[in-house]
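# The following comprises the amino acid sequence and a computationally predicted model.
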Amino acid sequence: MRRNDFLRMLAMAGAGLAVPGRAQNGSVGEAGEVEINPAFINSGPGFGNKLALTFDDGPTPGITERVLAELKKRDMRATFFLIGAKVDARPDLARRLVDEGHDVANHSYTHPRLSGMSDAAVDNQITRTQEAIARATGVTPVWFRPPYGAFRREQGPLASKHGLGVAYWSVDPKDWSQPGSAVIAQRVLAASQPGSIILLHDLHPQTAEAVPAIFDGLISRSFATAPFHSFVGSPYA
């Protein structure tokens, strides 16, 4: 899918191109972090009944495997935004994601707040993660999610120079705050709609405990979950 066609598709579907107004830790983002940029998305096409399941901060031994097992039971696909240092520590687990049909994407190398860093430091975070994922999986990511959602509009070219679109989210159950697995599932199911990008973390035990109810609830509502390559395509192809 060509980039202009991709952006036109989102506009026609009424999909938002603004990034979310709150960072992962619940605090309001810094000035400039939440402005609109054509390379940034936070939802997919609203027609049909597709949405995207995304998992950040992995791969995490003991948690990622549990998520994968529940996905496999239901023949569902997701997108995993990976931390480069964790990929280097467990390349076998990163490779398993691809082998089981899931998309892999860039979530920085050490999970810093990129909005306060120099261009050179941000580029290093992105580059090292691209290299780590490609080395472990044979796949070069085309989507990037900045940790905490902290990425200034003017930093967009630092992602696009690597062929990366910047993907945020539209459904955030705040599983990082560990409110309980039932609460996590309820928040996801209450907020999901066609075109949603659901943010979860294959990092916390409560998230692993919540995914069976989330997955079954989405299926009962006739949602089809899609990895990014078939949900929003490639941003610059």
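Sure, I can see it.
# Grab the most central residue of the chain for me.
residue 54 (4.4 Å; C-alpha atoms, centre = their mean).
# Can you read off the pLDDT for the nearest residue to that residue once chain neighbours are set aside?
What sits nearest to residue 54 in space, not counting adjacent residues and going by C-beta to C-beta, 6 or more residues apart in numbering, is residue 79, at 4.8 Å. All C-beta atoms are positioned from the backbone trio N, CA, C, and that covers glycine. For residue 79, the model assigns a pLDDT of 98.
# Next up, the contacts around residue 79.
Residue 79 makes contacts with 52-55, 102-105, 143, 227-228, 231, as judged by C-beta atoms under 8 Å, 6 or more residues apart in numbering.
# could you dump these to JSON lines with secondary structure, distance to residue 151 and pLDDT?
Below are the contacts of residue 79 laid out as JSON lines (DSSP: H, G, I helix; E, B strand; the rest coil; distance: C-beta to C-beta, whole Å; pLDDT from 0 to 100):
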{"residue": "52", "secondary structure": "strand", "distance to residue 151": "19", "pLDDT": "98"}
{"residue": "53", "secondary structure": "strand", "distance to residue 151": "22", "pLDDT": "98"}
{"residue": "54", "secondary structure": "strand", "distance to residue 151": "16", "pLDDT": "98"}
{"residue": "55", "secondary structure": "strand", "distance to residue 151": "19", "pLDDT": "98"}
{"residue": "102", "secondary structure": "coil", "distance to residue 151": "24", "pLDDT": "98"}
{"residue": "103", "secondary structure": "strand", "distance to residue 151": "20", "pLDDT": "98"}
{"residue": "104", "secondary structure": "strand", "distance to residue 151": "19", "pLDDT": "98"}
{"residue": "105", "secondary structure": "strand", "distance to residue 151": "14", "pLDDT": "98"}
{"residue": "143", "secondary structure": "strand", "distance to residue 151": "13", "pLDDT": "97"}
{"residue": "227", "secondary structure": "coil", "distance to residue 151": "22", "pLDDT": "96"}
{"residue": "228", "secondary structure": "helix", "distance to residue 151": "18", "pLDDT": "95"}
{"residue": "231", "secondary structure": "helix", "distance to residue 151": "21", "pLDDT": "94"}
